[in-house]
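Peer 1: sequence-free structure coming up:
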Ligand SMILES: Nc1ncnc2c1ncn2[C@@H]1O[C@H](COP(=O)(O)OP(=O)(O)OP(=O)(O)O)[C@@H](O)[C@H]1O
């Protein structure tokens, strides 16, 4: 883009500044206290803060935005001009050669063909590099011709131009068809990319936070490279090979889970296509050798999990310990980092970062390889969907008095940010709304007994089996129980939990991603960051331990302007937890998910059979496991196992086995016969056939039948009457649709619930005390009687 004239530039800056006025700047959050769900109460009471815009001279960047489609008038004018020029040049060329035998014309055509071939060749490397695992593309392949040839509609992408991104980044954005930046991107890119500020960013799940920190990183790397190359060219073209930023670690992005690290890597790679910036994931569960090999390629951006990163860093991995050149330190899903099991390694990594002093460039005096550009301050970017900061965080940062635990451990995002070198002028950008949930997310609940949760889940999956669903459990035991039941009931499910091997985890995600109506049963390892398009429903089979996790779980649906719904299954035991959750989101009402009670007898029948089958199967596999365990251990101590059971015992065992397999067969037959027909409500009208589980094929057949019946009626009056016959297959109704059309808004008497809980606790305590008193009395009585008898 050409440099704007001074006035325009000023106006543009004002415009940018104006944009920020509409944002809410944070720094205050009420103390969360002991209640894990109260962390978000009053989240919208934030203090203001202003971003100051620095002078930026676009002309210095030499930036050129992708050529956009001109308006019709301009286009026509240009076309006429081009035509005229073409004709003139054609004339020149033809007259310049012998024109008598048409040779010149042929020459021109040949030249044109050559040109076309060249353009094709120039395009090829880029196309092929997209398919490669590591897109290491040469910036030179993205010459202007490529950019110009992209059909980019000005009106469609103009919202990005204010952010003044590098043309190669703009090209990727256009390719990804991201029409406009999301609010968090709009707010963070100027601060992070152009003002070099540290950023704390919070926005709802699925709001595009990855690019809110990814684009500033790529922008700065590309910008620095261009500046450097220009300067080199100016200084008589003598390239000093030591200073070029290529090959030094420039950005370290840390995420709490491996899947998230891989996803962030993929996302950044997509945007970095066409640049030669390398992005590499470093995560546990993958071969260390392979990751060391990847690091030998000296990627500028590394995305990793704390455990594996620290393992390699403490082992002296050269690319990871040369941190003087680091320009970005990013914590994605930062609040999760302070959970147990993460912060030890994270703390060690942070302690390895060169010191950043307020008002000073990084301490890089001993560094010979870092260029002047890289010696700029390191930026710290901290992002999450749920972020809780104290009201005077900024002041504390200034004073350097953010508290860590007494033993020096990091216990809050604030301490983490300070330790990582966050400066007091950091841009704190909080775009979370009062409920912190995505606006297009519909939340609902079903109140049920603990033992009925399976039935309600089966109801949701079979009656409303449309779209992808993620079911969250808090324990792996619950997940295993649930997945085996659902598999017996022929529900298409995959599982994801922390005890699975990384390969299996990725496979499960991949398969889930590939199935339009699949179900993933997961623990909270999948709660953060996973970006799987088309997740329509999130079911909280068990409520999570904290409100943050609830937010992140629900955020797997309704991402990037799509809609979706969440359904929490609430047992009486969880009622007070749920009330506390509502309180923390200042929610006064939740929608009750509509259940068609007439389906439940059939659902319960199937489930009872599935449970019995599961029990038999478990017993069988347990017996097998016990036997092999016994044999293994006997062998290990060289003990001879006496195989010779008595005849009676053997006969007994065989009888038991036969009985068990006969029982299993019978149960399976019974269940199969139930599963072979659609789930039907107990009673249904033959006129309004409402059948959940009616497959599209069956529905089609019913509709055909209805039409045939209609045609058979000769009497037009009769005909009119029968026209009212409708076939409704509820299978086609997504949970979100069902919720929208008949979900009941239920007001949450959170205070009342707490009162009730207290009363119930008192009652229980009283009953216990009474029981104890009675027991003591009886004991004393017995003693007395005994003493009297003696
Ligand atoms: N400007 C944009 N326009 C449209 N889609 C976008 C834009 N930016 C990002 N996306 C898409 O939105 C989805 C969500 O983005 P991303 O994963 O970065 O969200 P997030 O805020 O990090 O979510 P979470 O808090 O759950 O981790 C991704 O599929 C991404 O490709």
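Peer 2: Done, it's in. All of these numbers come straight from a predicted model, not from anything done at the bench. Residues are numbered from 1 along each chain as shown.
Peer 1: the strand or helix carrying residue 380 packs against which elements?
Peer 2: With secondary structure defined by DSSP states H and E, residue 380 is part of strand 379-384. Strand 379-384 makes packing contacts with strand 199-202, helix 209-234, strand 328-332, helix 334-337, helix 413-419 when contacts are defined by 3 or more Cβ pairs under 8 Å, 6 or more residues apart in numbering; DSSP states H and E. Yep, even glycine has a C-beta here, placed from its N, CA and C like the rest.
Peer 1: helix or strand next in line after the fourth one, which one?
Peer 2: So that's helix 334-337. Once helix 334-337 ends, the next helix or strand along the chain (criterion: DSSP H and E) is helix 343-352.
Peer 1: quick one, that following helix and strand 379-384 angle?
Peer 2: Computed with axes from the mean of the first three to the mean of the last three Cα atoms, to 10 degrees, the direction of helix 343-352 lies at 160 degrees from that of strand 379-384.
Peer 1: contact partners of helix 343-352?
Peer 2: The contact list for helix 343-352, computed with Cβ atoms under 8 Å, 6 or more residues apart in numbering, reads 252, 254, 306-307, 309-310, 313-314, 321, 323, 329, 337, 409-410, 416, 419-420.
Peer 1: which of the residues you listed are buried?
Peer 2: Among the contacts of helix 343-352, those that count as buried by neighbour count (16 or more other Cβ atoms under 10 Å) are 252, 254, 306-307, 309-310, 313, 323, 329, 337, 410, 416, 419-420.
Peer 1: lowest-confidence one in these?
Peer 2: Scanning the buried ones among the contacts of helix 343-352 for pLDDT, the smallest score is found at residue 410, 58.
Peer 1: ramachandran coordinates for residue 182?
Peer 2: Per-residue torsions, residue 182: phi -80, psi 160 (degrees, to the nearest 10).
Peer 1: show me the contacts for it.
Peer 2: 203, 207, 208, 211, 212, 560.
Peer 1: rerun that using 10 Å as the cut-off
Peer 2: When contacts are counted by Cβ atoms under 10 Å, 6 or more residues apart in numbering, residue 182 is found next to 188, 203, 204, 206, 207, 208, 209, 211, 212, 431, 560, 561.
Peer 1: how near is it to residue 264?
Peer 2: The span separating residue 182 from residue 264 equals 16 Å under the rule Cβ to Cβ, to the nearest Å.
Peer 1: likewise residue 568?
Peer 2: Using Cβ to Cβ, one obtains 28 Å as the distance from residue 568 to residue 264.
Peer 1: what's the answer for residue 196, then?
Peer 2: Remark: distance between residue 196 and residue 264 (Cβ to Cβ) = 22 Å.
Peer 1: between these two, which one's more packed in?
Peer 2: When residue 196 and residue 264 are compared for neighbours, residue 264 comes out ahead with 27 against 16, by other Cβ atoms under 10 Å.
Peer 1: from memory the more buried one sits against residue 217, does it?
Peer 2: No: under the criterion of Cβ atoms under 10 Å, residue 264 is not in contact with residue 217, lying 11.1 Å apart.
Peer 1: which parts of the stretch 101-250 of the chain sit against the ligand?
Peer 2: Residues of the stretch 101-250 of the chain lying close to the ligand by Cβ under 6 Å from any ligand atom are 178, 181, 182, 185, 205, 206, 207, 208, 209, 210, 211.
Peer 1: got a winner among these for most neighbours?
Peer 2: Result: residue 205 is most packed of these (other Cβ under 10 Å), 28 neighbours.
Peer 1: where does it sit: helix, strand or coil?
Peer 2: When classified by DSSP: H, G, I helix; E, B strand; the rest coil, residue 205 comes out as coil.
Peer 1: ok, now which ones touch the residue lying closest to residue 204 once chain neighbours are set aside?
Peer 2: In this structure, residue 204 finds its nearest non-sequential neighbour in residue 438, 4.7 Å apart by Cβ to Cβ, 6 or more residues apart in numbering. Contacts of residue 438 were listed using Cβ under 10 Å, 6+ apart, and they are 203-207, 385, 551, 554-555, 557-564.
Peer 1: which ChimeraX command selects the buried ones in those?
Peer 2: Selecting only the buried members of those in ChimeraX, with burial defined as 16+ other Cβ under 10 Å, works like this:
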select :203,204,205,206,207,385,551,554,555,557,558,559,563,564
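Peer 1: could the helices and strands packed on strand 379-384 go into a markdown table alongside distance to residue 285?
Peer 2: As requested, these are exported to a markdown table (distance: least, Cβ to Cβ, whole Å):
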| stretch | distance to residue 285 |
| --- | --- |
| strand 199-202 | 28 |
| helix 209-234 | 21 |
| strand 328-332 | 18 |
| helix 334-337 | 17 |
| helix 413-419 | 24 |
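Peer 1: nearest to residue 509, out of these?
Peer 2: Shortest separation from residue 509 across these is recorded for helix 209-234, at 16.6 Å, computed as Cβ to Cβ.
Peer 1: confidence score at residue 509?
Peer 2: According to the per-residue confidence, residue 509 scores 91 in pLDDT.
Peer 1: can you check the one 5 residues further on too?
Peer 2: pLDDT for residue 514: 89.
Peer 1: with residue 90 instead?
Peer 2: Reported pLDDT at residue 90 in the predicted model: 41.
Peer 1: one more: the one 10 residues further on?
Peer 2: Model confidence at residue 100, expressed as pLDDT, equals 31.
Peer 1: got it, and residue 170?
Peer 2: Listed pLDDT for residue 170 reads 93.
Peer 1: number of residues surrounding it?
Peer 2: 24.
Peer 1: any idea how far the ligand is from it?
Peer 2: Separation of residue 170 from the ligand (Cβ to the nearest ligand atom, to the nearest Å): 12 Å.
Peer 1: quote the end-to-end distance of stretch 588-603.
Peer 2: The distance separating the two terminal residues of stretch 588-603, taken as Cα to Cα, to the nearest Å, comes to 32 Å.
Peer 1: quick check: buried residues in it?
Peer 2: Of the residues in stretch 588-603, those with enough neighbours to count as buried (16+ other Cβ under 10 Å) are 590, 591, 592, 593, 594, 595, 599, 600, 602, 603.
Peer 1: which members of those occur in helices, if any?
Peer 2: When DSSP state H defines the helices, the subset of the buried residues of stretch 588-603 inside them is 600, 602, 603.
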